[in-house]
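*Asks:* Here is my input, please return the structure:
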Amino acid sequence: MIVIVDKKLHEPMYIFLSNLCINGLYGTAGFYPKFLMDLLSTTHVISYAGCLLQAFVMYSFACCELSILAVMAYDRYLAICRPLHYSSVMTKRRLSQLIYLPQSIQNFIAIEFLLIPPVMNPLIYGFKLTKIRTRISAYLRQV
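*Replies:* Here you go, the predicted model:
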């Protein structure tokens, strides 16, 4: 919301950040309702159409997430004229796929991709940026 409200933040990197947050909301809206319903229910059944819809939402969420991150990385590359060293998270994820792990841990790692980023992205990408942090503190002082 801070990027939309404050016209001084209408720059490419901040617009990418707001798109990342909106995409996170889209992904959680496609995942959490069924996930929470399965946690509270004794039967874990989904219709074929529901399965296709959830798969479409999850794949489009993942594609958009990766595309936004790639565009952000390229934007930073152009801004600072050197390669952006981005991928320690991906390296850990790839390593876990190569090592044999029990099925329950593999399931947790697969779900972690859907649970953690929507919550952490606004914090990691937003509060680290001085302009965002300054604007949030200015708005909180007004309230």
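*Asks:* what's the neighbour count on residue 65?
*Replies:* 20 (other CB atoms under 10 Å). Using the backbone N, CA and C atoms, a C-beta is placed for each residue, glycine as well.
*Asks:* In space, what's closest to it - neighbours in sequence excluded?
*Replies:* residue 23 (5.7 Å; CB to CB, 6 or more residues apart in numbering).
*Asks:* what packs against the top helix by length along the chain?
*Replies:* For the chain, the helix that runs over the most residues, judged by DSSP state H, is helix 48-80. When contacts are defined as 3 or more CB pairs under 8 Å, 6 or more residues apart in numbering; DSSP states H and E, helix 48-80 packs onto helix 12-40, helix 103-121.
*Asks:* Quick one: name whatever helix or strand follows the last one.
*Replies:* Going down the chain from helix 103-121, the next helix or strand is helix 127, by DSSP states H and E.
*Asks:* what's the offset of the helix or strand following that following helix from the middle of its chain?
*Replies:* Where DSSP H and E defines the elements, the next helix or strand beyond helix 127 is helix 130-142. Put simply, helix 130-142 sits 23 Å off its chain's centre (CA atoms, centre = their mean, to the nearest Å).
*Asks:* In helix 130-142, which of the residues would be classed as buried?
*Replies:* 131-132, 135 (16 or more other CB atoms under 10 Å).
*Asks:* Turn those residues into TSV, columns for distance to residue 77 and pLDDT.
*Replies:* Supplementary listing: the buried residues of helix 130-142 in TSV, determined by distance: CB to CB, whole Å; pLDDT from 0 to 100:
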residue	distance to residue 77	pLDDT
131	20	81
132	21	80
135	25	83
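*Asks:* What distance do you get for the residue nearest to residue 28 when sequence neighbours are not counted to residue 34?
*Replies:* Closest residue to residue 28 apart from its sequence neighbours, by CB to CB, 6+ apart: residue 118 at 4.9 Å. Using CB to CB, to the nearest Å, residue 118 is found at 15 Å from residue 34.
*Asks:* the more surrounded of the two?
*Replies:* residue 118 (21 against 15).
*Asks:* what sits against the more buried one?
*Replies:* For residue 118, the contacting residues are 24-25, 27-28, by CB atoms under 8 Å, 6 or more residues apart in numbering.
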